[in-house]
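> my questions are about this predicted structure, shown below with the sequence.
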Amino acid sequence: MARSVRLVPALLVSALALTACGGGVHGTPGGSGVHDPYFPKAGNGGYDVAHYGLRLSYDPDAHHLTGTATLTARATKDLTAFNLDLIGLDVGKVTVGGETARWNRAGQELTVRPRKDLGRDETFRVTVRYSGAPETVTDPDGSQEGWLRTTDGALALGEPTGSMAWFPGNHHPSDKASYDLTVTVPRGLRAVSNGELRDVTTAKGGRTTFSWHSAEPMASYLATLAIGRYDITRSITRSTARDGLLVYTAVDPAEREASRAVLARIPEILRWAERRFGPYPFSSTGAIVDRAAGVGYALETQTRPVFPGAPGLTLLVHELAHQWYGDSVTPESWRDMWLNEGFATYAEWLWREDHGGESAQESFDALYESGEKTYKDLWAFSPAKPADAANISGDPVYQRGAMVLHKIRQAVGDDRFFDILRGWAAEHRHGNADTAEFTAYVEERVPGEDFEGIWEEWLYGEGKPEPS
């Protein structure tokens, strides 16, 4: 993510009145929330989702969404009930294994009790039918996520909690899954999402259905849906991971000319990134450029980053670097955001260094000497311990996170450092990792090197470290 406002969403949702179907739920849920240090109610315990099958229909004029979400999951313990995260929207029916299940609502929690208890390691399928006007979630700093209306459609963005505004699920980055998303929209509009477009059909009434498939695991906050009028460009580029890599871009016509030159450099950026970070981890790439001036940030939605207007080159580099760091290697919790943003920020430094700009050392030195003039809270807290939920995308996470990486590079030299970058992306490909795993990984790759000072002063330390 790259934000022009200092974001970090803390979910502000008023409690909903309890509603129930079939007499309420009396079983023991798997757990409402996974006790994330900043968003404790996000996600749910007791199961792991393998696949989301989403069938949606949206009418922009009426601002009405109709959805059927089918989740294929595995119970991680014996369950008599389990929770899904869902904000707003009206639930019409819930089934588990094809049988009607009892359910109730309380705040963002949809608690489901199947007719039969679920045993540990049992694979089950839960289907939720729902409809209504999807909500825009406003974060404490005024930034918005969830379901965002645009001039000709809508844009769904989910970091950190907004995806629960348009489909029920286990909405925490620690639970990744594959996706099939089928979306029906009025004639003349397109629906663009992650992964690959498998099918487009138009019914007699003129409504068009778009079917998207994402085979590689994806955290729900990286799922996106853009509905509107777009100019579509498809091309094939080289990749070390496969014979041909699809580049699919969708650009609002009003942003077409301003975006053309920068988006044309996606293949060049990816070839450079593969040399630095290793093989590209997904089956396609591209971008979505919409007219969404009120959003104020870009987001690294998987395979196809979203920009609220024509992006600059550095911003495009940042969001594409996230495909390795953040999308493929996803943080275990929201405390580990620097593993996303510090890495993507350092990618900006490397791009400039490799393309005739200032070196990474010069970027580091300038930030250390006077960075607080640009980033007022640069030394306010450590990258690995944001002050609170409103700061998980604060300046220390981005800028000091990049400085941590540069201190490692200074300590180990270029050859070992770039081996660490590539190895980290390879070892945790399509998985999750936390800060402790990263520091252990670095120490294992360079035995005998003392990193304690870097961890204490730069990664976890508060205030401006002494010069070294």
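Received, thanks.
> quick one: D48 and A156, what's the gap?
Distance, D48 to A156, using C-beta to C-beta, to the nearest Å: 23 Å. All C-beta atoms are positioned from the backbone trio N, CA, C, and that covers glycine.
> hmm, I typed the wrong one, I wanted V137.
Distance, V137 to A156, by C-beta to C-beta: 11 Å.
> the strands in the stretch 301-450 of the chain, which residues?
Remark: strands assigned in the stretch 301-450 of the chain by DSSP state E, counting those that start in this stretch are 306-307, 329-331, 431-433.
> dump these to a markdown table, plus mean pLDDT.
Formatted as a markdown table, the strands of the stretch 301-450 of the chain follow (pLDDT from 0 to 100):
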| stretch | mean pLDDT |
| --- | --- |
| strand 306-307 | 98 |
| strand 329-331 | 98 |
| strand 431-433 | 98 |
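> could I get those as a markdown table with mean neighbour count?
Putting the strands of the stretch 301-450 of the chain into a markdown table (neighbours: other C-beta atoms under 10 Å) gives the following:
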| stretch | mean neighbour count |
| --- | --- |
| strand 306-307 | 26 |
| strand 329-331 | 24 |
| strand 431-433 | 17 |
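> among the ones you listed, which is nearest G53?
Using C-beta to C-beta as the measure, strand 329-331 is the one of the strands of the stretch 301-450 of the chain that comes nearest G53, at 21.0 Å.
> same for the closest one, what does it pack against?
Judged by 3 or more C-beta pairs under 8 Å, 6 or more residues apart in numbering; DSSP states H and E, strand 329-331 is in contact with helix 338-354, strand 431-433.
> check the offset of it from the chain's centre.
On the basis of C-alpha atoms, centre = their mean, to the nearest Å, strand 329-331 sits 9 Å off its chain's mean C-alpha point.
> what lies in contact with that strand?
173-174, 176, 219, 222, 337, 339-340, 424-425, 428-429, 431-434 (C-beta atoms under 8 Å, 6 or more residues apart in numbering).
> just name the most buried of the helices and strands packed on strand 329-331.
Mean neighbour count (mean count of other C-beta atoms under 10 Å) peaks for helix 338-354 among these, with a mean of 24.
> of all the helices and strands packed on strand 329-331, which one is nearest P281?
Nearest of the helices and strands packed on strand 329-331 to P281, taken as C-beta to C-beta: strand 431-433 at 10.7 Å.
> please enumerate the strands of the stretch 51-200 of the chain.
In the stretch 51-200 of the chain, the strands defined using DSSP E, counting those that start in this stretch lie at 64-75, 82-85, 90-96, 99-100, 102-106, 109-113, 123-132, 136-138, 144-149, 154-157, 177-185, 190-193, 196-202.
> for the second one, list the C-alpha coordinates in CSV.
Extracted as CSV, the C-alpha positions of strand 82-85 are listed here (Å, rounded to 0.1, in the frame of the first residue of the first chain):
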residue,chain,number,x,y,z
PHE,A,82,-18.2,-21.1,14.0
ASN,A,83,-18.1,-17.4,13.1
LEU,A,84,-17.8,-15.4,9.9
ASP,A,85,-16.9,-11.7,9.6
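> please state the offset of that strand from the chain centre?
Averaging C-alpha positions (C-alpha atoms, centre = their mean) puts strand 82-85 20 Å from its chain's average.
> repeat for stretch 319-338
Per C-alpha atoms, centre = their mean, the centroid offset for stretch 319-338 relative to its chain is 8 Å.
> could you tell me the end-to-end distance of that stretch?
Terminal residues of stretch 319-338 are spaced 14 Å apart (C-alpha to C-alpha, to the nearest Å).
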